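model this:
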Amino acid sequence: MVVTDTARIAEINDAFRKTGLGMTITQGVLCLEALPRLLQKIAEFSDFNEDNDPYGERDFGMLNWYGEKILWKIDYYDQKLEYGGDPLSPDCRRVITVMLASEY
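So this is what the prediction gives:
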């Protein structure tokens, strides 16, 4: 079986998201009800489709939480978090930003 770069990035992103590490959470999200459960929902997110994942990398998601639209996005950085990073590099540091859609 041949694994494409996109499939490998998706696999790494799924594993990273499930750790719950590297999250940046906005003030609006911090004030939400049942925050630990929301973060668990993000870790478990699997509703990827062409609309929310057009490149197949599983680096973005959207869900509704107690009437609020929540967005999350994985970005790729170098080790110092100064510049963009190659998502396939072992030196890549991933960060998940979790925000209200209204904060975008």
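
so which bits of the longest strand seen in the chain are buried?
Secondary structure assigned by DSSP state E gives strand 68-77 as the longest strand of the chain. Buried positions in strand 68-77, judged by neighbour count with 16 or more other CB atoms under 10 Å: Glu68, Ile70, Leu71, Trp72, Ile74, Asp75, Tyr76, Tyr77. The C-beta positions use only the backbone N, C-alpha and C, and glycine is treated the same way.

enumerate every residue touching the nearest residue to Gln27 once chain neighbours are set aside.
Spatial nearest neighbour of Gln27, chain neighbours left out: Glu103 (8.0 Å); criterion: CB to CB, 6 or more residues apart in numbering. By CB atoms under 8 Å, 6 or more residues apart in numbering, the contact set of Glu103 is Thr26, Gln27, Gly28, Val29.

test my guess that Tyr83 contacts Ser89.
No. Taking CB atoms under 8 Å as the definition, Tyr83 is not a contact partner of Ser89, at 12.0 Å.

quick check: phi and psi at Pro87.
phi -60, psi -10 (degrees, to the nearest 10).

check the gap between it and Glu11 for me.
Look at Pro87 and Glu11: by CB to CB, to the nearest Å, they are 11 Å apart.

where exactly do the helices run in the protein?
Under the criterion DSSP state H, the chain contains helices at 5-19, 27-30, 35-44.

residues making contact with the longest strand of the chain?
Contact with strand 68-77 is made by 13, 16-17, 28-29, 32, 38, 42, 45, 58-64, 83-87, 92-102, 104, as judged by CB under 8 Å, 6+ apart.

just how off-centre is it within its chain?
Distance of strand 68-77 from the chain centroid (CA atoms, centre = their mean, to the nearest Å) equals 5 Å.

do the same with stretch 62-77
Using CA atoms, centre = their mean, the offset of stretch 62-77 from its chain centre is 8 Å.

do stretch 51-61 as well
The chain centre lies 10 Å from the centre of stretch 51-61; the measure is CA atoms, centre = their mean.

list the buried residues for it?
Applying a neighbour-count criterion of 16+ other CB under 10 Å, one finds Asp53, Glu57, Arg58, Asp59, Phe60, Gly61 buried in stretch 51-61.
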